[in-house]
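Q: here's a sequence, model it:
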Amino acid sequence: MNETAATAPKPRSETADFLLFLVKLAIFFFILRSFIVSPFNIPSESMQPRLVVGDYLLVSKWSYGYSRYSMPFNLPLIPGRIMASQPDHGDVVVFKAPPEANTDYIKRVIGLPGDTVQMRDGDLWLNGKQVQREQVADFIIPVSPNTRCYDRSFQIEGPQGSAVCSYPRFRETLPNGKSYYILDLIDAPRDDTEVITVPQGHMFLMGDNRDNSLDSRFPAIDGQGIGIVPQEFLVGRALVSIFSTDGSASLFLPWTWFTAARWDRIGEGF
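A: Here you go, the predicted model:
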């Protein structure tokens, strides 16, 4: 028997190589999604006008540290919270919503430990001072499969006779100089609240669509509010919008994949 032939390594099968490739790819995406960035899509109108249904964005996972809640499926791979840092006032954050901490939500940070927060007649008060607010041009968004007006009274005729939603829009500026737009649609029950002091290790979060957001103004009851959110529930910070669709695309009509895209919303940072 030829000694060289007897000791020659057996050729690896293409199937084994392909399976190894898939394992490496899965590990890469697990590391990417767990520790660097993860995708998030907007399921509700609570963050209008900054975010609308059909927006897709990337969330930075390194911004506030890591815990089991920042891991996919809440995997208990990290004891406690490591490399922890606190968000800033005005940050848009993704977090696990109390009380169950199983569902990702997105809101804006309004209050941090030691802050007092109150709503008075729809105006935000932070640490005993009214937050600056000024009315600007209305927020206009076309009616589409992804967008319905909050109420028929907000629907008007847009260009070429198309239906659009027109909402009163305001610019709110926090004491740290962070500015953003909010919507104030109606006189709602949570336009007035008691003074709330944010405990250590927690956050007071609100949606920019003030009358269409179940946020920290409401007790932490599944599907009814989130209460004051522990910072360990943080998933990450909103980084950049990567895609947006009005929902009108059809799987079998390829050209609608392009016409449904809201190109002007892509690439917007936070």
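
Q: low pLDDT regions in the chain?
A: When residues are selected by pLDDT under 70, those of the chain lie in 1-12.

Q: centroid-nearest residue for it?
A: Among the residues of the chain, the smallest C-alpha distance to the mean C-alpha position (CA atoms, centre = their mean) belongs to Ile106, namely 3.3 Å.

Q: so Met203 bridges to which residues?
A: Taking DSSP bridges, one obtains Val229 as the residues bridged to Met203.

Q: just Ser60 next, same as before
A: With DSSP bridges as the criterion, the beta-bridge partners of Ser60 are Val37, Arg237.

Q: surely it is in contact with Val37?
A: Yes. Taking CB atoms under 8 Å as the definition, Ser60 is a contact partner of Val37 at 6.0 Å. Just so you know, the C-beta spots here come from the backbone N, C-alpha and C atoms, and that holds for glycine as well.

Q: who touches both of these two?
A: The overlap between the contact sets of Ser60 and Val37 (CB atoms under 8 Å, 6 or more residues apart in numbering) consists of Gly236, Leu239.

Q: so which residues of the stretch 51-200 of the chain form strands?
A: Under the criterion DSSP state E, counting those that start in this stretch, the stretch 51-200 of the chain carries strands at the ranges 55-60, 66-67, 81-82, 92-96, 104-111, 116-120, 123-126, 129-130, 132-142, 155-157, 163-173, 179-183, 196-197.

Q: show me what contacts the residue nearest to the centre of the chain?
A: Contact analysis of Ile106 by CB under 8 Å, 6+ apart lists Phe40, Ile42, Ser46, Met47, Leu51, Val92, Val93, Val94, Phe95, Ala238.

Q: ok, Ala249 next?
A: If you count contacts by CB under 8 Å, 6+ apart, Ala249 has them with Thr256, Trp257, Thr259, Ala260.
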